[in-house]
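[1] model this:
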Amino acid sequence: MTPTVLNVSQNYFVRGGSDRYFFSLAELLEKRGHRVIPFAARHSENLETRWADHFPEAVNFTNPSLRDLSRFVHSRSAAAAMHRLLEAHRPEIAHLHIYYGQLSTAILGPLRRARVPVVQTLHEYRLVCPVSTLLSNDGKLCQACNGKDYWRAVAGRCNRGSFARSLLSATEAYFARLIGGVIDRIDRFITVSHFQRRKLAELGVPAEKMTTVHNFVDVSDIALNSRSGGYFLYFGRLERLKGIFTLIEAAAPLVDIPLLIVGDGEARVEAEQLVSARGLSHIRILGPKRGQELQDLIKGSLCCILPAQWYENCPMAILEAYAFCRPVLGTTIGGIPELIDDGVDGWLFPPGAVEALREKLVYMADDPERAAGMGLAGRRKIEERFSQDRHYEQIMAIYSKLL
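    A predicted model of the protein is given here:
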C-alpha cells in the first residue's frame, strides 16, 4: 500500500532546514509511488504548485492587524481551507512539520473529524517552549516554563525582549495546549534526535508518543569529492543562537583563509556591521543562496561550521555538508554530537568557545588532506546511516502502525 500523504508546513518555500526537509520528504515519497498533497500558507515566495488554490492566506507578521494576531492563535481561515481540501481529496495520513504561526492548531480539528491519522515531525521545542528554542531573552539555555508555565516567557520577555510579542507567544502556547489539542490530536511525534526526544519527555511530552528518526540526504546524484576546498563555510539562518558571532570572532585573525557566511536572518545586519567596522575583508556575508549555487559553495569549501549555541536537533547543514564530502565543525550541544564523530568526520567544540573553534579552523587549514579524508568519512556515514532508503523504511514503519 502506498498511502496518499498530506504534507503540511507553514511555508511552501525554503527558509530553513525544516523547510528543506519538508520538500525532501515529499520528493522521497513521490519517488516511491505516493501521492503527496502539500498544504501551507499563501506567500509571495512560495514555489509554484497546482495545490496553491487550497492554501489559506498568510498571517502578516511584518505589520500585523488585530485579525492577523487572532489568526496566529487560531486561524479559522486555515481550518476552513483544510476542511475544503479534505472534502475534495482524502489523504490516508497527514504528516505535519512546523505548521503553527501561519496555520495554527485550528487545522487539527478538521483532520480529527475526517479521521485522518496525524504524524508530526518536530524540528524544535514549540510543544514545551512558547518561543520554540528553550532560550531566555539573553540567549541562555532556559527551561523556566517547565513545559507548561508559559507565563514565565512573558515575565522574561523571551520573544525578542518584547512584552507584547512574549504575551502573544504565551497566549498561543496556552491555547494550543489547553484548547487546540497540540499534543492530544497528534497520533505520533517524530523527533529528529535522541536528545530532543529525551528533552521533550523530561518536559512533559508523553514518551510513548515519540519515535526518533533522523533527517536524511539523497546522495544518489552527488559525486564523491576527494579534493579539499579553499575557504571556511557557514550556511544557515543568521541569528545569535546559531553562534555566528562566535564564528566571526574565531575567524577574525585567520586572514589567509576566507570565511563565507551564507544565509539571512535577524542578526545579518549586525554581523555585516561588525565585519565592516573591524575591516575583516576575508569574511564575506553573501546573503541567502539556494539550489545549485549553494551546492557549489559547499563543494568548494574546506569545511563547514555549525557553531550553534542552542539545542540543535538534526541540522540539515551537517548532513548536506557530509553529502558533498565536507567535514563539519560543530558544538557539543543538543543532537549535534549524534552526527559528528570527533576527529573522524569533523570536530566538536563547546558552544561559544572562540579559542577552541579557532584551533579547529587552524587544524583544518594546516592539513587540507586530512580535512578531505574526514569529508569522505562523513559521506560514508550518510550512505550507511542517513540514506533515503533507510529513512523511507523508518517513516513507513510509523505510518503503517496508524493505518
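[2] Residue 248 and residue 313, how far apart?
    24 Å (C-beta to C-beta, to the nearest Å). Bear in mind the C-beta positions are built from the backbone N, C-alpha and C, glycine included.
[3] These two - which one has more neighbours?
    Between residue 248 and residue 313, counted using other C-beta atoms under 10 Å, residue 313 has the larger neighbour count: 27 against 21.
[4] measure the more buried one to residue 192 for me?
    Counting by C-beta to C-beta - residue 313 and residue 192 are separated by 5 Å.
[5] what residues are shared contacts of those two?
    122, 123, 335 (C-beta atoms under 8 Å, 6 or more residues apart in numbering).
[6] Tell me the span between the first and last residue of stretch 93-104.
    The straight-line separation of the ends of stretch 93-104 (C-alpha to C-alpha, to the nearest Å) is 19 Å.
[7] What residues of stretch 176-185 count as buried?
    176, 177, 180, 182, 183 (16 or more other C-beta atoms under 10 Å).
[8] State the three-state secondary structure for the first one.
    Following DSSP: H, G, I helix; E, B strand; the rest coil, the label given to residue 176 is helix.
[9] Not counting its neighbours along the chain, what's nearest it?
    Computed as C-beta to C-beta, 6 or more residues apart in numbering, the closest residue to residue 176 that is not its neighbour in sequence is residue 182, at 4.0 Å.
[10] what number of residues lie near residue 74?
    Residues near residue 74, counting by other C-beta under 10 Å: 17.
[11] give me phi/psi at it?
    phi -150, psi 110 (degrees, to the nearest 10).
[12] What is the helix ranked longest in the chain packed up against?
    For the chain, the helix with the greatest residue count under DSSP state H is helix 368-385. Helix 368-385 sits against strand 303-306, helix 316-323, with contacts defined as 3 or more C-beta pairs under 8 Å, 6 or more residues apart in numbering; DSSP states H and E.
[13] from these, which stretch is densest packed?
    strand 303-306 (a mean of 28; mean count of other C-beta atoms under 10 Å).
[14] What strands line up against it, and which way round?
    strand 232-235 (parallel), strand 328-331 (parallel) (DSSP bridges).
[15] Out of those strands, flag the one nearest residue 131.
    Set against residue 131 and scored by C-beta to C-beta, the strands paired with strand 303-306 come closest in strand 328-331, at 20.0 Å.
[16] How about residues contacting that closest one?
    243, 303-309, 312, 315, 317-318, 321-322, 336-337, 339-340, 345-351, 357, 360-361, 364, 378.
[17] try 6 Å this time
    304-308, 318, 321, 336, 340, 346-347, 351, 360 (C-beta atoms under 6 Å, 6 or more residues apart in numbering).
[18] closest to residue 134 among the residues you listed?
    residue 308 (12.4 Å).
[19] residues in contact with that closest one?
    242, 243, 331.
[20] Nearest residue to the second one in space, please, no chain neighbours.
    With C-beta to C-beta, 6+ apart as the criterion, residue 243 has its nearest non-adjacent residue at 3.2 Å, and that residue is residue 307.
[21] which strands and helices sit next to the helix or strand bottoming out on mean pLDDT in the chain?
    Across the helices and strands of the chain, mean confidence by mean pLDDT, DSSP states H and E is lowest for helix 66-73: a mean of 88. With contacts taken as 3 or more C-beta pairs under 6 Å, 6 or more residues apart in numbering; DSSP states H and E, helix 66-73 sits against helix 163-178.
[22] where in the chain is pLDDT low?
    Nowhere does the chain drop to pLDDT under 70.
[23] which residues in it form helices?
    Going by DSSP H, the chain shows helices at 17-31, 66-73, 76-88, 108-113, 151-155, 163-178, 194-202, 244-251, 268-277, 291-299, 316-323, 354-366, 368-385, 388-402.
[24] Show me where the stretch 1-150 of the chain has its strands.
    Here the stretch 1-150 of the chain has its strands, by DSSP state E, counting those that start in this stretch, at 5-8, 36-39, 93-96, 118-122.
[25] correct me, but residue 41 touches residue 58?
    Yes: counting by C-beta atoms under 6 Å, a contact exists between residue 41 and residue 58, whose distance comes to 4.1 Å.
[26] Which neighbours do those two have in common?
    residue 102.
[27] Tell me which of the helices and strands packed on helix 368-385 lies nearest to residue 215.
    Closest among the helices and strands packed on helix 368-385, using C-beta to C-beta: helix 316-323, at 5.8 Å.
[28] for residue 244, what are its contacts?
    So residue 244 contacts 238, 271 (C-beta under 6 Å, 6+ apart).
[29] How about residue 365: what's its closest non-neighbour residue?
    residue 257 (5.0 Å).
[30] Run a quick neighbour tally on that neighbour.
    For residue 257, using other C-beta under 10 Å, the count is 15.
[31] How about the one 10 residues further on?
    Residue crowding around residue 267 was assessed by other C-beta under 10 Å; the count is 18.
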